[in-house]
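Novice: fold the following and give me the result.
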Amino acid sequence: MNAAELICDFVNTRELLEETEELSSPESLAEWLVARDLAPRGVQATDADLRQAIELRDALRQALLGHNGVVVDETAAFATLDSAARQARIQLCFGQGAGELTPETGGVTASLGRIAIAVHSAMSDGSWARLKACRASDCEWAFLDTAKNHSRAWCSMSSCGNREKARAFRERHRHSSGSSK
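Specialist: Now for the predicted structure:
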């Protein structure tokens with residue numbers, strides 16, 4: 001899984017439309033991290049770890065909404081990301097002729113640090129700017145904008161895009177009908 005995919009996968013652990021939450025307990029957080037090779041099998045998560053993970057996820061969602069033209073507090077979002085990186089004590093390590101960012105801590109804190117490292121990687125490889133969250137306020141699903149001109153606004157034109165266009169049409173029609181009376 002590349003950095004952009006990991007970020008989307010993490011942000012999408014909460015699905016607003018279906019009202020589902022993959023990170024509903026410390027145990028489910030640990031399972032999610034292990035399944036993505038972000039933590040070793042047997043890692044134990046606490047309620048505090050779960051709160052930190054959800055805070056980081058929500059901050060990333062805000063940053064991705066900002067990439068899609070939604071006005072958000074990016075300063076707060078990046079402060080949360082900075083905090084995750086500091087807590088994980090991310091270090092630049094050299095070996096085998098290459099540099100690698102690695103968390104110096106262990107457990108869930110290190111796993112959240114690996115997500116912060118994924119953000120850094122996405123920024124470095126140019127995919128960060130293409131990561132967005134759907135503009136539909138009842139969706140906000142994270143996706144990679146693959147349009148040539150970076151113009152995608154919705155996770156899917158067949159669901160959120162069509163719904164938003166229909167809503168805008170009804171709104172325009174309501175205003176034009178009301179002004180002719």
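Novice: pull out the buried positions in the lengthiest helix in the chain.
Specialist: Counting by DSSP state H, the longest helix found in the chain is helix 47-67. Within helix 47-67, the residues scored as buried using 16 or more other CB atoms under 10 Å are 49-50, 52-54, 56-57, 59-67. Using the backbone N, CA and C atoms, a C-beta is placed for each residue, glycine as well.
Novice: residue contacts, the residue most central in space within the chain?
Specialist: Centroid-nearest residue in the chain, with CA atoms, centre = their mean: residue 11, separated by 3.3 Å. By CB atoms under 8 Å, 6 or more residues apart in numbering, residue 11 lies in contact with 57, 60-61, 64, 133, 142.
Novice: what's the longest helix of the chain packed up against?
Specialist: On a contact count with 3 or more CB pairs under 8 Å, 6 or more residues apart in numbering; DSSP states H and E, helix 47-67 meets helix 3-11, helix 26-35, helix 74-88, helix 107-125, strand 131-133, strand 142-144.
Novice: tally of neighbours for residue 148?
Specialist: 6 (other CB atoms under 10 Å).
Novice: cool, and residue 145?
Specialist: A count of neighbours around residue 145, defined by other CB under 10 Å, yields 18.
Novice: confidence score at it?
Specialist: Per-residue pLDDT puts residue 145 at 93.
Novice: ok, it - contacts?
Specialist: By CB under 8 Å, 6+ apart, the residues touching residue 145 are 67, 130-132, 151-152.
Novice: same question, residue 21
Specialist: Per CB under 8 Å, 6+ apart, neighbours of residue 21: 13-15.
Novice: what lies in contact with stretch 37-44?
Specialist: Stretch 37-44 is contacted from outside by 26, 30, 33-34, 107-108, 110-111, 114-115, using CB under 8 Å, 6+ apart.
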